[in-house]
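Engineer: sharing a model prediction with you, sequence too.
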Amino acid sequence: MSVRTMSDLGGDWADTATWVEGSVPTAADDVVATATSGNLTIGTSINSKYCRSLNFTNYISIFTINTSYTLWIGDSSGGDLLFSPTMTCVSTGNATVRLVSEYVGTVNVTTNGVDPKFNIYLQNGSVNTNYTLQDNIVTTGNFGMIFSTLSNLFLNDKNITTPYFLIDVSSTPTLNCGTGTLTVTGSNGFKISNTVVIDNSSSFNIILNGTTKFNNQATAGKTWGNLTINGTTHTISGTNTFNTLTLSAGTTTTFPSTKTTTVTSLVAVGTSGSLVTIKSSSAGSAATISQATGTINGEWMSIKDSTATGGATFNVTNGTNVSGNTGWNFLILNVQSTGVVGTYQAGSAFLQSTGGISGGTSSAYVQSTGEIY
């Protein structure tokens with residue numbers, strides 16, 4: 001194990017003049033920077049570079065990885081990645097840093113508030129490497145774990161913002177969620193493979209922004225903390241259990257047909273010009289939402305091919321009952337000047353219940369006090 005120090009002149013990773021020691025780093029070398037180290041670039045020669053660890057402490061210059069180039073970090077004795085808060089990262093395209101430690105122990109990832117801009121993927125072979133976040137990560141690159149067999153990812157109560165978060169593996173690593181927030185902003189969204197073990201907290205938050213996916217590939221389902229749907233159009237796949245599921249105004253969420261999404265609490269509040277839309281992934285084949293207790297007070301919703309069940313009461317004020325729904329109560333607010341029995345009264349609501357005793361549709365006029373008459 002040797003140290004390779006970035007020179008004041010900087011340069012390309014593969015150039016010996018870039019390094020104070022006059023040697024290009026190997027997979028066994030620790031790469032370090034100083035406050036006077038120059039700009040460092042990967043991507044003008046061999047497309048893969050290697051080091052045991054990368055420490056940018058005190059670095060104030062620019063680290064660039066060009067399109068389609070990869071930096072591999074880690075060996076059997078370590079593999080930490082540490083950015084300086086005063087540095088700048090640049091990615092000119094689909095550039096990647098892969099942490100490939102085979103170390104039995106903890107490997108730390110510390111960004112110090114810097115956007116890496118390139119993808120960061122964690123992977124290893126046949127040992128228990130515990131990749132651990134040491135601070136929040138906000139990146140315009142992808143972040144996740146791939147090709148790993150026994151390694152684990154500890155979010156360590158930190159927050160992550162990324163276009164694409166994935167644990168795409170064929171074995172049984174553990175995702176330790178902690179109590180932080182994962183915000184996903186890209187169209188690929190959130191992906192978890194079938195075999196991933198989820199060590200979950202009910203206060204862990206997942207937020208989907210823009211147009212994206214919640215792609216749970218587990219055949220037996222997974223249990224999560226809170227999921228908030230923002231933005232526009234989203235697709236949920238797999239069998240999932242959420243603590244609180246929030247569907248924001250203006251969103252369209254497609255739930256998986258023939259599968260059940262279980263929640264402790266469903267929040268779905270739209271507006272007259274910005275509905276909350278729920279539908280099934282297969283027209284005519286219902287997707288199920290289950291909540292055991294309480295009353296769901298949805299507002300301004302459009303619902304199609306949805307079964308509401310579990311024991312809770314599912315009410316929707318000013319909702320559109322498109323078709324194929326069971327278990328939802330559609331309350332349509334109306335205002336008239338008369339108080340005669342059988343007409344609408346100020347503040348009253350018309351109750352339309354789907355899936356009554358006989359499976360049909362029943363109705364009643366309900367005053368704002370809740371009295372049925």
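Structural biologist: Here it is on my side, so go on.
Engineer: for stretch 213-232, C-alpha coordinates in CSV please.
Structural biologist: C-alpha atoms of stretch 213-232 as CSV (Å, rounded to 0.1, in the frame of the first residue of the first chain):
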residue,chain,number,x,y,z
LYS,A,213,-41.4,4.8,-10.6
PHE,A,214,-41.4,2.9,-7.4
ASN,A,215,-40.2,-0.4,-8.6
ASN,A,216,-40.3,-3.1,-6.0
GLN,A,217,-39.4,-6.4,-7.6
ALA,A,218,-39.8,-8.5,-4.5
THR,A,219,-42.2,-11.4,-4.9
ALA,A,220,-43.1,-11.5,-1.2
GLY,A,221,-43.5,-7.8,-0.8
LYS,A,222,-41.6,-5.2,1.3
THR,A,223,-42.4,-3.0,4.2
TRP,A,224,-41.4,0.7,4.1
GLY,A,225,-41.7,3.9,6.1
ASN,A,226,-43.5,6.8,4.5
LEU,A,227,-44.0,7.4,0.7
THR,A,228,-44.9,10.8,-0.6
ILE,A,229,-46.0,11.1,-4.3
ASN,A,230,-45.3,14.6,-5.7
GLY,A,231,-44.9,15.9,-9.3
THR,A,232,-47.0,14.4,-12.1
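Engineer: partner strands of the longest strand that the chain contains, parallel or antiparallel?
Structural biologist: Longest strand of the chain, by residue count under DSSP state E: strand 181-192. Sheet pairing of strand 181-192 (DSSP bridges) gives strand 160-168 (parallel), strand 205-208 (parallel), strand 212-216 (parallel).
Engineer: contacting residues around the last one?
Structural biologist: The list of residues contacting strand 212-216 from outside it, by C-beta atoms under 8 Å, 6 or more residues apart in numbering, reads 184-192, 206, 208, 222, 227, 231, 234-240. C-beta: built from backbone N, CA, C; applies to glycine.
Engineer: how near is the spatially closest residue to residue 104 that is not a sequence neighbour to residue 283?
Structural biologist: Spatial nearest neighbour of residue 104, chain neighbours left out: residue 127 (5.0 Å); criterion: C-beta to C-beta, 6 or more residues apart in numbering. Residue 127 sits 48 Å away from residue 283, going by C-beta to C-beta, to the nearest Å.
Engineer: how about residue 37?
Structural biologist: Taking C-beta to C-beta, one finds residue 37 at 59 Å from residue 283.
Engineer: of these two, which one has the most company?
Structural biologist: Between residue 37 and residue 283, counted using other C-beta atoms under 10 Å, the more crowded position is residue 37 (23 against 11).
Engineer: the more buried one in helix, strand or coil?
Structural biologist: The local conformation at residue 37, judged by DSSP: H, G, I helix; E, B strand; the rest coil, is coil.
Engineer: give me phi/psi at it?
Structural biologist: phi -60, psi 140 (degrees, to the nearest 10).
Engineer: who's in contact with it?
Structural biologist: So residue 37 contacts 5, 6, 7, 8, 10, 59, 61 (C-beta under 8 Å, 6+ apart).
Engineer: also residue 60?
Structural biologist: So residue 60 contacts 35, 84, 86, 87 (C-beta under 8 Å, 6+ apart).
Engineer: adding pLDDT, secondary structure and neighbour count, write these out as JSON lines.
Structural biologist: Shown next, in JSON lines, are these (pLDDT from 0 to 100; DSSP: H, G, I helix; E, B strand; the rest coil; neighbours: other C-beta atoms under 10 Å):
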{"residue": "35", "pLDDT": "97", "secondary structure": "coil", "neighbour count": "12"}
{"residue": "84", "pLDDT": "98", "secondary structure": "coil", "neighbour count": "21"}
{"residue": "86", "pLDDT": "98", "secondary structure": "coil", "neighbour count": "14"}
{"residue": "87", "pLDDT": "98", "secondary structure": "coil", "neighbour count": "19"}
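Engineer: coming back round to it: looking at the contacts of residue 37, which is nearest residue 259?
Structural biologist: For the contacts of residue 37, the residue nearest residue 259 by C-beta to C-beta is residue 59; the value is 48.4 Å.
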